[in-house]
Structures are given as C-alpha cells and as structure tokens.
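> Any chance you can model this:
(chains A and B)
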Amino acid sequence: MKKRILVVDDDRTILESLKSILQLEGYTVDTVETSREAIQKAQDQLYHLALLNIKLPDMKDTTLLVKLQRDFPDMVKIMLTGLSSDRTREFMSLGADAYITKPIHPKKLLKVVKEKLRKSVNQ
Amino acid sequence: MSSTFQKKVNQLRRKIGKETPQIWLNLKITDDIKPKLPIDETKTKWPKLSSFDPIIKFKKLTRLGEKCESIMGYRREEFYSPDFNFLTTLIAPESLDSIRERFGLHMKGEEVAPYEYTLVTRKGKKVKGLVSTKLMEFEGERAILGIVTDITDLKQMEEELRRYTEHLEELVDEKTKELKEAERMVTIGETAGMVGHDLRNPLQAIVNTVYLANMKLDALPSESAEKSEVKAYLETMERQVVYMNKIVSDLLDYTRPINPDTIETSIHQLIQGTLLSIDIPETIKISIAVPKKMKLKVDPSFMRRVFINLITNAVQAMPDGGKLTIKGSKKAGEVFISVKDTGVGIREEYLPKIFQPLFTTKSKGQGFGLPVCKRIIDAHGGDIIIESKVGKGTTVNVIIPLKTASTKAFVS
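Numbers count the residues shown, from 1 in each chain, chains lettered A, B, ... in the order given. You can find the predicted model right below:
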C-alpha cells in the first residue's frame, strides 16, 4: 500500500516542489496551505505522515501539532521550520517525530521520511 | 561601579563637612623708605596712597592665630623674631608676586578681594591658603590683617572631583558606546531573525527545484555533453544555496544565545567530516596532524561551525592555491587545534578588528564568521588566537580546556 503524506506549508513553491519530490519516491501526497484545511483533510483521510511548516497564518505555531497529536497519535509528524530559534525540545515534547530547519536537501528529507515511516510501522 | 562612586561622594562629603582650619596673620607694616603717612583719625577714610611707591617692607608679624604654629611648623617666638622674614620664609616663590601686588593695592587704599596663595611649612610641605586681607591701624601703625584659611584639603578635593568627573565622563562614553553596540546587535538580531526566516523558505524552494531538475535530467534516455553541462550548472546552484545558508546561519548564530550541549567528540572525525562538506580546490594541499584518539567534550554541531568557518576562511585566503595545515595537540590540560594557511594574510592594523561583527576584508563576506567562532569558543570556556603575516599566511589557534565548560560557559 502506498503511504499517504500530507504536506502543510503556506509557501506554494515549497508545497508544489515537495509534492513532486515525494511523489517521485512513490508516496501519495496531498497539500494544504492552512492549519484548518490540514485538520479537515486529516479527518477525511488517513495519513501516515505529515510534514508541517511551523509558522502558518491561521493558528498559533504549536496548535496544529497539538491537535493532530491528540486526534491522530499514530501519524508521523515532522516539523519543518525556517525559524532561527532552536525549539526542537519544545516541539518534540508536544509529539513531533522530527524537527528540521530549512533548507534541507531533499535527499536528506527523504531519508528522514523513510526512516520515520519504517519505525512507525514497526511499532 | 556605582557603589564605588557613592563611596567616593560620601568620603568627599565628610571632608567638606569638616571645619577648615584658619591661620591668622597680623602683619605690621612700616615703610621706612618713605615718610610716614598720616593716619586718618576717624579711621573711616584712608588717605590716598597712589603717589607712593608700593614697595613695602614688612616689619614683623605681630599677632598669630592659634593654628599657625601647628600648621606651619614654627614656634610662636620664631614667628615674632625680628629676623623672621614672613615673605621669604612662609610664602611659596610662585605666590610672591601676587602678594606684593595685593599689598601694593592696600597701600593705595584699595579694597582687595580674597585670593589664593601657597604657603610653605617648615618641613617644605605646600599649603594652599585663601586669604582675606584688610589694611588697618594696629598700635598706632598701619598694619595688614590677614585671615588665611587652609584650603589644601578643599583644593585636593576639587582636584579629585575634577579627575573623578573626567573619569566619569570617560566611563559614560564607554558605557554609551557599549549600549549603542548592544542596541545595534539587538536590531541586527531582530532583522537577522526575520531575514533568516524569509530567506530559508526560498532557499528550500531552490534546493527542491534543483533536485527535481536533476531527477528530470536523470530520466532522460541518453547521455550527452549538454546533459552533464546542465548538471554541473545545477551543482553550482546547490553549492551557492549551501553558501547562502551559511551566511544566514552565521547571522543567526551571532545574534542568538549559544548554549553548548557538550559530548565526548573525536576531533579528528569532526575535522574530517567538516572537510567533506567544504568545497576545496585541488590547488590547495591539505595536511592533517590531529591524533585520532584525541577527544574533547564539546558541542559537535557548534564546533563544526567553528571549523567550517576557519577552513572556509583559509581556503578563501588562498585563491591561487597553497597549503592548509590542521594540527592538534595536548598541553597542560588544554587542547590546541591550529588551522594554518599559506594565503594572503591579514594586515596588522586589521587584526584587532577581526572579531568584531560586520568587519570583513573579503569582498565576499559579511563579517560574521570569526565573531561566531569566538562566541562559540568562549561558550566552551576556550580561547581563539590569530597570527598573521601579509603574504605569508594566517594561523588560527583554537584552545579548549580538556575539562570543558566550567559552569560559566554554559551560562553564557
């Protein structure tokens, strides 16, 4: 079964390019630009993994993660951020599986995605 | 600082509050050169004396205030002796002219405002005096009554206050400078945070797009010269993104607090790993002499940033090639790691400035590399020292204590 990934980012170029990159690796990818749409999508559809940008326009930066963690604890959640301050511990304690600072080379990102998905299956 | 200042002020207050000692001098004047002047009987008006020669001979001191002896160091009978020359004995040479001038004015019947002069004690100590003098009649003769106040302490205090004020001004200047610098760094920090965030998104978009372009090229059926050329272009773009990200990271690192998370780290591995991530031209020969077993308790990601910056600097200093030497050694509880290049070198007058942010001698640089290195090394309780000679090259020595990180390093 193809793994389903949800990408949430308010930067459309990143959104589209990440979608293509993940699709080339064989994942099924949906993209949304806001936290609200992300929650809606997750309720409609099962996602194995979500790539979440930290600063989204419609909610406080931790809210989306907290909500997804509450409702979908099994979903792998990877934070992607351009923020300068290191908030790894904060986001990891709220349930994130990884905290990545942009820019990350797509090869490295794919490696993280693959690893986290494998671990979640093994659990 | 402020407590020292307060102490000083209190001290001065105590001094000023103390009653100042007074010396009373009662001088009898005779002018045996000139005929005696008639003294005004009513004593309300003095005769005009302007026609007289103002050179006066002082007969002697006739009355002395109580403190004269203790302050000046002469006994009462010495003062009163007919041989005692008041002017040459008690008055400092530099004050003689002004005293003569004032006495001359008295002789002309003019009022004299209080003035300062210097007295010399028996032991040769100088005493600053403020004197009020008046011409009067004493035992049927004209005399000058002088009331001298010892203002030595006051003068000293004045001097101290003046010096202190000057020092304060210097201090204020210094603090203002520091404050301005801090303000500037806060502004840079805030701007850097925003710019960093705003730049990292497009950088991500670029690496993603370059990656996709590469994938498309790879999918093309045949190999061609054009294909590998395009791939080379894409590679250049990727490298530039890495460089842009380094600029952003330096900017952010310089402005955010550094709290190293230390762990036993192999320096050899750290340097090897760092070298792999830097594009070093083939014209540069690399020599590494770091013992493989050498371990240090450091934050590997921060130390990596240090070596990335130092090696990048060294490489950029050798545009026409050269030799990059990295050495490691242990001595007296400290580890020394030196990064040496045979490049252009740094001019001596620039050396004091190289750790200041925004200072750069390179056309391609923002002036954050070395300041970041310094902050990181400082946070590890270490030191960074640079030696350089124009045309010969530069050596950067990083010194880190083996027992790292006194608590101080973590706090900073």
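> for chain B, what spans make up the strands?
B:22-30, B:57-64, B:115-120, B:126-138, B:141-150, B:263-266, B:284-289, B:295-298, B:322-331, B:334-340, B:383-389, B:393-401 (DSSP state E).
> and of these, who's closest to B:Glu349?
Across the strands of chain B, B:Glu349 has its closest neighbour in strand B:383-389 (11.4 Å, CB to CB). C-beta: built from backbone N, CA, C; applies to glycine.
> Tell me the strands beside the closest one, with direction?
Here strand B:383-389 is paired, per DSSP bridges, with strand B:393-401 (antiparallel).
> quick check: mean pLDDT across the strand it pairs with?
Strand B:393-401 shows a mean pLDDT of 92.
> Buried residues of that strand, list them for me.
Buried residues in strand B:393-401, counted by 16 or more other CB atoms under 10 Å in any protein chain shown: B:Gly393, B:Thr394, B:Thr395, B:Val396, B:Val398, B:Ile399, B:Ile400, B:Pro401.
> what's the least confident stretch among the strands of chain B?
Mean pLDDT is lowest for strand B:22-30 among the strands of chain B, at a mean of 60.
> if we can go back for a sec, quick one, which of the strands of chain B is nearest to A:Leu68?
The closest of these to A:Leu68 is strand B:263-266. By CB to CB, the value is 32.0 Å.
> Just the buried positions in that closest one, please.
By neighbour count with 16+ other CB under 10 Å, strand B:263-266 contains the buried residues B:Thr265, B:Ser266.
> so what does it touch, helix or strand wise?
In this structure, strand B:263-266 packs against strand B:295-298, helix B:300-316, with contacts taken as 3 or more CB pairs under 8 Å, 6 or more residues apart in numbering or on different chains; DSSP states H and E.
> Touching the shortest one from outside, list them.
This means strand B:295-298. Contact with strand B:295-298 is made by B:260, B:262-267, B:303, B:335, B:380, B:400, B:402-405, as judged by CB atoms under 8 Å, 6 or more residues apart in numbering or on different chains.
> and of these, the nearest to chain A?
Distance to chain A across the contacts of strand B:295-298 (CB to the nearest CB) is lowest for B:Pro260, with 12.1 Å.
> Figure out which of the helices and strands packed on strand B:263-266 is closest to B:Val207.
Nearest of the helices and strands packed on strand B:263-266 (CB to CB): helix B:300-316, 18.1 Å.
> starting at the chain centroid, how far to that closest one?
Remark: helix B:300-316 is offset 31 Å from the chain centroid, using CA atoms, centre = their mean, to the nearest Å.
> Check stretch A:51-60 too.
Put simply, stretch A:51-60 sits 10 Å off its chain's centre (CA atoms, centre = their mean).
> Point out the residues in chain A that sit beside chain B.
Contact residues, chain A versus chain B (CB under 8 Å from any CB of the partner chain): A:11, A:13-14, A:17-18, A:20-21, A:24, A:55, A:80, A:82-85, A:101-107.
> Among those, the buried ones, what's the PyMOL command?
Of these, the buried ones go into a single PyMOL selection, burial set by 16+ other CB under 10 Å:
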select buried, chain A and resi 11+14+17+18+20+21+80+82+83+84+101+102+103+104+105+106
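> From the centre of chain B outward, give me the first residue you hit.
Centroid-nearest residue in chain B: B:Glu174, 6.6 Å away (criterion: CA atoms, centre = their mean).
> Output the below-cut-off pLDDT ranges for chain A.
Residue ranges of chain A with pLDDT under 70: A:84-86, A:122-123.
> Kindly export the biggest helix by length in it (C-alpha atoms) in PDB.
Counting by DSSP state H, the longest helix found in chain A is helix A:106-122. Below are the C-alpha coordinates for helix A:106-122, written out as PDB (Å, rounded to 0.1, in the frame of the first residue of the first chain):
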ATOM      1  CA  PRO A 106      15.600  16.700  -0.500                       C
ATOM      2  CA  LYS A 107      17.700  13.600  -0.300                       C
ATOM      3  CA  LYS A 108      18.200  14.100   3.500                       C
ATOM      4  CA  LEU A 109      14.500  14.900   3.900                       C
ATOM      5  CA  LEU A 110      13.500  11.700   2.000                       C
ATOM      6  CA  LYS A 111      15.800   9.700   4.300                       C
ATOM      7  CA  VAL A 112      14.100  11.100   7.400                       C
ATOM      8  CA  VAL A 113      10.700  10.500   6.000                       C
ATOM      9  CA  LYS A 114      11.600   6.900   5.100                       C
ATOM     10  CA  GLU A 115      13.100   6.100   8.400                       C
ATOM     11  CA  LYS A 116      10.300   7.600  10.500                       C
ATOM     12  CA  LEU A 117       7.700   5.700   8.400                       C
ATOM     13  CA  ARG A 118       9.600   2.500   8.900                       C
ATOM     14  CA  LYS A 119       9.800   3.000  12.600                       C
ATOM     15  CA  SER A 120       6.100   3.800  12.900                       C
ATOM     16  CA  VAL A 121       5.200   0.500  11.000                       C
ATOM     17  CA  ASN A 122       7.500  -1.500  13.300                       C
END
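> and it, what does it pack onto?
If you count contacts as 3+ CB pairs under 8 Å, 6+ apart, helix A:106-122 packs onto helix A:12-24, strand A:49-53, strand A:76-81, strand A:98-101, helix B:152-219.
> so which of those comes closest to B:Ala289?
Comparing the helices and strands packed on helix A:106-122 under CB to CB, the one sitting nearest is strand A:98-101, at 33.7 Å.
> Look up how far chain B lies from the spatially most central residue of chain A.
In chain A, the residue lying closest to the centroid (CA atoms, centre = their mean) is A:Leu51, at 1.4 Å. Using CB to the nearest CB, to the nearest Å, A:Leu51 is found at 11 Å from chain B.
> What sits closest to that residue if chain neighbours are left out?
Leaving aside its chain neighbours, A:Leu51 sits nearest to A:Val7 (4.7 Å; criterion: CB to CB, 6 or more residues apart in numbering or on different chains).
> Beta-bridge partners for that neighbour, please?
A:Thr31, A:Leu51.
> before we move on, what about B:Thr394?
On the basis of DSSP bridges, B:Thr394 is bridged to B:Ser388.
> Give me the nearest residue to the residue of the stretch 51-200 of chain B found nearest chain A, chain neighbours excluded.
Nearest residue of the stretch 51-200 of chain B to chain A: B:Arg200, at 3.5 Å (CB to the nearest CB). Leaving aside its chain neighbours, B:Arg200 sits nearest to A:Gly82 (3.5 Å; criterion: CB to CB, 6+ apart).
> re earlier: distance of the residue of the stretch 51-200 of chain B closest to chain A from B:Ile278?
B:Arg200 sits 21 Å away from B:Ile278, going by CB to CB, to the nearest Å.
> So between the two, which is more surrounded?
Legend: neighbour count by other CB atoms under 10 Å in any protein chain shown for B:Arg200 and B:Ile278, higher for B:Arg200 (24 against 14).
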